[in-house]
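Novice: the following comprises the amino acid sequence and a computationally predicted model.
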Amino acid sequence: MTVLRPRDAAEAVALYAARPAALPLAGGTDLLVLWTTGALNGRTVLDLSGVKEWRSIRKTVTGLSIGSLATHAELRGDPAVRREFPLLAAAAAAVGAEQIQNRGTLGGNIANASPAGDAFPALAVYEAAVVAVSRKGQRSIPFCEFFAGVKKTNLAPGELIASVVLPYLETRPRRQLFRKVGTRAAMSISKTAAAGLLWVGPDRRVRELRFALGSMAPTVRRLRAAEGLVKGKRLGRELAAEACELLRRDVSPIEDARSTAEYRLHVSQNLLADFLLGTQGSH
Amino acid sequence: MPRPPAGKVGAGVARVDAALKLTGGAKYIDDYRLPGCLHGATLRTAIAHGRIRKVSFDPAFPWDQCCVARAADIPGANNVLFIEADQPLLTEDKVMHPMQPILVVGHPDRAQAYEALKHITVEYEEEEPVLTIAESLAGKKLLRGEDNVFKKFLIEKGSVEEGFAPADRVVEGEYRVPHQEQAYIENHGIAAWVEKDGTITAHGSLQCPYYVHKALVKIFARPPEQIRVINAVTGGAFGGKEDYPSLIAGHAALLALKSGRPVKLIYDRHEDMAATTKRHPAVVRHRTAVSRDGRLLAQDLVIIMDGGAFATCSGVVLSRGTLHATGPYECPNVRVRSSVVATNTPPNGAFRGFGVPQAIFAAELQMERIAAALGLDSVELRRRNAWKVGTVTSTGQVLKESVGALKCLELCVQKSGYTRKRKEYAAWNRSKGKPTWRGIGFALCHHGAGFTGSGEVMLASRAAVSLAKDGRIKVLAAATDLGQGAATVFTQIAAQALGLPAALVEVEVPDTALVPNSGPTVASRTTMVIGRLIERAAAGLKAELVKAAGRVPQDRAGLRKAARSLCDGGPARRFEVQYEKPEDITWDDQLYRGEAYGVFSYAAVAVDLEVDRLTYEVKLRKVTTAQDIGKAINPVLAKGQIMGGTAQALGWALLEYADFRGGWMRNSQLTNYLIPTFADTPPMDVLLVEEPYSRGPYGAKGLGEMPMDLSAPAVVAAVHDATGFWFDSIPVLPERICAEFIKAERPL
Amino acid sequence: MIAFTVNGRKRSFKGPPFKRLLDVLREDFGLTATKEGCGEGECGACTVLLDGKPVTACLVPVCQAQGRKVETAESLGRPGRLNPLQRSFQENAGVQCGFCTPGLLMSASRLKKTDPEAVRVGLAGHLCRCTGYMHIVESVSKAPSPLRERSTAALRGRRALARRKR
């Protein structure tokens, strides 16, 4: 096993271009588990932890740029993230527990492309963009187009995640929600996870709804059908019920070791209905 | 004259091993350096049932760097003697379950030992496996004897037929409980080596040094004095390190014997979970005749447990389950028929409670069902039938003393606010705007302390207290400290009996070369049975000290002086005592009649929880439990035991699920076999009830297992109180609660 | 070669860069307080401080410790001189089998809030199968505030330094 240890972004990109089969390593919370099973024997690992420029969280004119190596603990505690993107801060605080939050990074979480990535529903409703770099340059990929499937991304060979950019919201949402429904109270993997943002006009009609679910499909899903349905309408029980029915169109929950398809769907519908009606658990 | 300082029985003194454990100085087996040692890795079967046709070794692998030990290398018997001798140490031919050991490889590098396993190919002839209780009973394949049954029991009291005749109501129920993994945080591990004089020594994480000793004597065909077993600091056991260490010690010692080098055999979490014993899954059927006013008239019960592939202690687990099947309730007519059957799954074994959690889960839910049928509060039903002094149990045992069942019940009802909360929560649950449904559930249980029936007589345990020439006093017992605090409690008992400060008493390492056979560290017998032996041995030493010095010297110097005459030129004077059967205790092993246990402990619990209305997740709010343990030698450690056992029961009720498919545990990791975290476990209020037992040390009874017995049915009752749905099995996962709501088409 | 500080002492490691920090501590440096319970960051028994933050040493390749500060339970008080947190664990029965204890102490020593609820959240990355957690929560809650502890220690350090300068 070989470990490459670049000291800056340029070197990281160059090394990766030369060894595209190398496994990028950030916080190691997934990769080290593989190491223990012997699955990394003979592989090359590209340890990105020395790339300082990918660690910072920076405010720009249009949004917040979060370095891919920012840890969940840093996200959770960052004042700008907490103020502007509280759902992401909440999601970061729901990852594993303290020790994992101190090691796991946002970039690593995204690159790993688990259907259950804790940060994903929040990034989806914030309409984040993933900034990928390679020897050929830099490009920005809308978050919802970033994943190709379970554990698969649309990163091209030689591309590394440099940062994630979250555009500032123009106006404060009327309601917002992050809820992870896990296998237990801590150190858990989600069965379903929801993030929602809702804007309502002075006419009490919905200006915009953004609602995303994790663990409900091979990749994180925005509920486009339900979002379209409620736009411009007044919220009420019937509309909420209709939105819940439409929820099915955008997801494909499965039965696995962690939960049942029925439970995932039903609970996700409960969370959506509750959010739209503002009845109980919403923020 | 100053009052003699006491050993502080009844005081919550700090553990004697706390400082070492808090500083990393306590040595668990993997913390020892063994220069020149080999690391062992175990090749295991990849099928559930069949035969091994051929084992071939990749010729390209450098086998000359390894030591491979196979069945042919075993000098004595290729079986692990426990209650029976049906389990091979290494299988050469018949495959009875997945993960059965075939051979062991030793290599100086641990990773290389595991790498070597990948270069061995095993060819099998597969047979259809028997995977469930139903398949086993149907005799789909015969794994054992003529009916796949390891052991059967029948208990009869009065006449069930006559009991049912005058019944106002007959209530039936069937209850199921799954496997449970002990999930101690330290995995299994043993180191073994051969001394220059030929003594085979095994040192490691284990509960019962003399069980391992007995097994190794047979495996290596050596005289007992040439086998030595030492207990290392052990990171939790809960029954899981009762019998399996005999296999690991056998494997490690076999490699050590063959290679001439010390061997360390340390399991990783996956191997530990997938290969070693679990709690027995069980099906329990109840048929109860009751009168209108809530008296039990007849109980007709059937218990069937899944033993897995080999006998281990299944027969004894079943026996204990059978003897506790009625719950702590008096009933004139009882019949219990029980059996434990064979399947092609890894053998099930001991786990805290040992058959009682299975029995009490069913008995307590049956009480709920009866109460519902009669329109009675279930606590009131329990109150009307609970055991008291004078009660005659299902085996005809008359309870003469120390029966705290009702005291526990009343105290728990009072301190938990049970009655008030029932009302409050009913209002809360009717209210529309609440985020949860709330409920409180109750359970009562008993737990027979010590070995069942004539078990203690057969064990004939011994323990000793010694005074060495240098004035040091040691407790000598084979009982191990697995975290429960045995060593601390022993110093308290011995010091109290001697009238000395506890600091002057030490506890010897449980090492078969140094301590007498005080039997296994199981069955809630350590404080009650071995503690009593220590009390008696200490009293013997005290008498001699008083004879020699006029009184018990109160410091090391005085003890040293007294030791000169007591030791009589030898290195130490040892006062050893043996268990003696009380005359009025009789037990008939054939008829299962008589005093099943010297005494029972009792406990009541109230579980207060809420169910999320959106996600059906259960959040435990508070657990209140009252437990009659005779006398708390150390109330702080006793509460620690009770809370730990309760947390395990809560996990079993709500989270833990060993996903067995095809005979394999599919979730053999801590990432997918989920045990409760800090955030899942509620605050607990533990109330100690002390109804002294005349034959326990200072009145103490057993306490270690009981907290595991009763919380699971209380959780189910609380979920019912919250949601209106009954569950006859566990775990009560949110998915199951959700499914009930969908079925009932009940809106939010 | 990988160089870093362990418990205030400079150490170097010449073996494979991807060896787990846990194994380097235990096998190469003989620091066995840090335990392995699961090998996948789930149980927390191997928790150490990396630059002052709790991490599971089974998920840290030693190359990532380069130039950093590692602290293990060996850095806390000794048996005769337990630190206040350890003493609280001793007095409040926060230890049973002890296998999860060293890792737990490392996390507990960094908790900013020590009310029972905060402790339950802050230590949720540690599994204990013995205690049912209550006695651990009490041990941490009843210990002298770690923040106060640290600032007192720092103050003492500064005073000692000032004395030496004089």
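Specialist: Thanks, I have it.
Novice: when you work out contacts or count neighbours from here on, use the C-alpha atoms and nothing else.
Specialist: OK.
Novice: quick one, what contacts the closest residue to B:P635 other than its chain neighbours?
Specialist: In space, not counting the residues next to it along the chain, B:P635 is nearest to B:G12; the distance is 5.2 Å by CA to CA, 6 or more residues apart in numbering or on different chains. Applying CA atoms under 8 Å, 6 or more residues apart in numbering or on different chains to B:G12 gives the contacts B:N634, B:P635, B:V636, B:L637.
Novice: so what's the first one closest to, chain neighbours aside?
Specialist: By that I understand B:N634. Excluding its sequence neighbours, the residue lying closest to B:N634 (CA to CA, 6+ apart) is B:G12, at 4.7 Å.
Novice: for that neighbour, give its distance to B:A632.
Specialist: 9 Å (CA to CA, to the nearest Å).
Novice: cool, A:L271 as well?
Specialist: 48 Å.
Novice: now the most centrally placed residue in chain C: how far from B:A513?
Specialist: Note on chain C: the residue nearest the mean C-alpha position is C:M106, at 2.2 Å, using CA atoms, centre = their mean. Shown here: C:M106 relative to B:A513, a distance of 38 Å by CA to CA.
Novice: what residues does chain A put near chain B?
Specialist: Chain A comes close to chain B at residues A:181, A:184-188, A:259-260, A:262-263, A:266-267, A:270-271, A:274, A:279-281, as judged by CA under 8 Å from any CA of the partner chain.
Novice: who is the residue in chain C that chain A sits nearest to paired with across the strands?
Specialist: Taking CA to the nearest CA as the measure, chain C has C:V55 as its residue closest to chain A, at 4.3 Å. Beta-bridge pairing of C:V55 under DSSP bridges involves C:V48.
Novice: what's the pLDDT at it?
Specialist: pLDDT recorded at C:V55 is 98.
Novice: do B:W387 as well
Specialist: pLDDT recorded at B:W387 is 98.
Novice: run a quick neighbour tally on it.
Specialist: Using other CA atoms under 10 Å in any protein chain shown, B:W387 is surrounded by 23 other residues.
Novice: circling back to that earlier point, and the contacts of B:G12 as TSV, adding distance to B:I155, pLDDT and secondary structure?
Specialist: Output for the contacts of B:G12, formatted as TSV (distance: CA to CA, whole Å; pLDDT from 0 to 100; DSSP: H, G, I helix; E, B strand; the rest coil):
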residue	distance to B:I155	pLDDT	secondary structure
B:N634	37	97	coil
B:P635	36	98	helix
B:V636	38	98	helix
B:L637	36	98	helix
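Novice: which stretches of chain C form helices?
Specialist: Ranges of helices within chain C are C:21-23, C:84-91, C:101-108, C:116-122, C:134-142, C:146-165, based on DSSP state H.
Novice: average pLDDT for the first one?
Specialist: Per-residue pLDDT values across helix C:21-23 average out to 98.
Novice: likewise for the third one?
Specialist: Model confidence over helix C:101-108 averages 98 on the pLDDT scale.
Novice: give me the angle between that helix and helix C:84-91.
Specialist: For helix C:101-108 against helix C:84-91, the angle by axes from the mean of the first three to the mean of the last three CA atoms, to 10 degrees is 130 degrees.
Novice: how about helix C:101-108, does it reach chain B?
Specialist: Yes - residues of helix C:101-108 contacting chain B under CA under 8 Å from any CA: C:T101, C:P102.
Novice: could you list the residues in contact with that helix?
Specialist: Residues from elsewhere that reach helix C:101-108, judged by CA under 8 Å, 6+ apart: B:21-24, C:33-35, C:44-49, C:53-54, C:72-73, C:85-86, C:95, C:119, C:122-123, C:126, C:140.
Novice: re earlier: secondary structure class for the residue nearest to B:P635?
Specialist: When classified by DSSP: H, G, I helix; E, B strand; the rest coil, B:G12 comes out as coil.
Novice: check B:G569 and give its pLDDT.
Specialist: Per-residue pLDDT puts B:G569 at 89.
Novice: count of residues packed around it?
Specialist: Neighbours of B:G569 (other CA under 10 Å): 11.
Novice: what sits against B:L22?
Specialist: C:A73, C:P79, C:Q86, C:F89, C:Q90, C:V95, C:G98, C:T101, C:P102.
Novice: what of C:G15?
Specialist: C:M1.
Novice: what about residue 22, neighbour count?
Specialist: Reading this off chain A. A:A22 has 19 neighbours, counted by other CA under 10 Å.
Novice: sorry, should have said chain C
Specialist: Using other CA under 10 Å, C:L22 has 25 other residues around it.
Novice: ok, for it, nearest residue in space, not its chain neighbours?
Specialist: Spatial nearest neighbour of C:L22, chain neighbours left out: C:A57 (4.8 Å); criterion: CA to CA, 6+ apart.
Novice: returning to what we had before: please list only the buried members of the residues of chain A next to chain B.
Specialist: A:181, A:184-188, A:259-260, A:262-263, A:266-267, A:270-271, A:274, A:281 (16 or more other CA atoms under 10 Å in any protein chain shown).
Novice: in those residues, find the pair that's most separated.
Specialist: Spatially, the most separated pair among these is A:M187 and A:D274, at 25.6 Å (CA to CA).
Novice: tell me what the longest helix seen in chain A is packed against?
Specialist: In chain A, taking DSSP H as the definition, the longest helix is helix A:261-277. Counting contacts by 3 or more CA pairs under 8 Å, 6 or more residues apart in numbering or on different chains; DSSP states H and E, helix A:261-277 packs against strand A:190-200, helix A:237-250, helix B:734-744.
Novice: tabulate the CA atom coordinates of the second one in CSV.
Specialist: What follows is helix A:237-250, C-alpha atoms only, in CSV (Å, rounded to 0.1, in the frame of the first residue of the first chain):
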residue,chain,number,x,y,z
ARG,A,237,-55.1,19.6,4.9
GLU,A,238,-56.3,18.6,1.5
LEU,A,239,-53.3,20.1,-0.3
ALA,A,240,-50.9,18.5,2.2
ALA,A,241,-52.5,15.1,1.6
GLU,A,242,-52.2,15.6,-2.1
ALA,A,243,-48.5,16.6,-1.7
CYS,A,244,-47.9,13.5,0.3
GLU,A,245,-49.4,11.4,-2.4
LEU,A,246,-47.2,13.0,-5.0
LEU,A,247,-44.1,12.4,-2.8
ARG,A,248,-44.1,8.8,-4.1
ARG,A,249,-43.2,10.1,-7.6
ASP,A,250,-39.8,11.3,-6.6
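Novice: I would like the residues contacting that helix, please.
Specialist: A:221-227, A:229-230, A:265, A:269-270, A:272-273, A:276-277.
Novice: any of those buried? List them.
Specialist: Buried among the contacts of helix A:237-250 by 16+ other CA under 10 Å: A:221-227, A:229-230, A:265, A:269-270, A:272-273, A:276.
Novice: low-scoring stretches of chain B, by residue?
Specialist: For chain B, the stretches with pLDDT under 70 are B:1-6, B:746-748.
Novice: leaving out chain neighbours, which residue sits closest to the one residue in chain A that gets nearest to chain C?
Specialist: Distances between chain A and chain C by CA to the nearest CA are smallest at A:Q99, namely 4.3 Å. Once flanking residues are discounted, A:Q99 sits nearest to C:V55: 4.3 Å by CA to CA, 6+ apart.
Novice: how near is the residue of chain C closest to chain A to C:E40?
Specialist: 12 Å.
Novice: over to B:L459?
Specialist: For B:L459 relative to C:E40 (CA to CA), the value is 42 Å.
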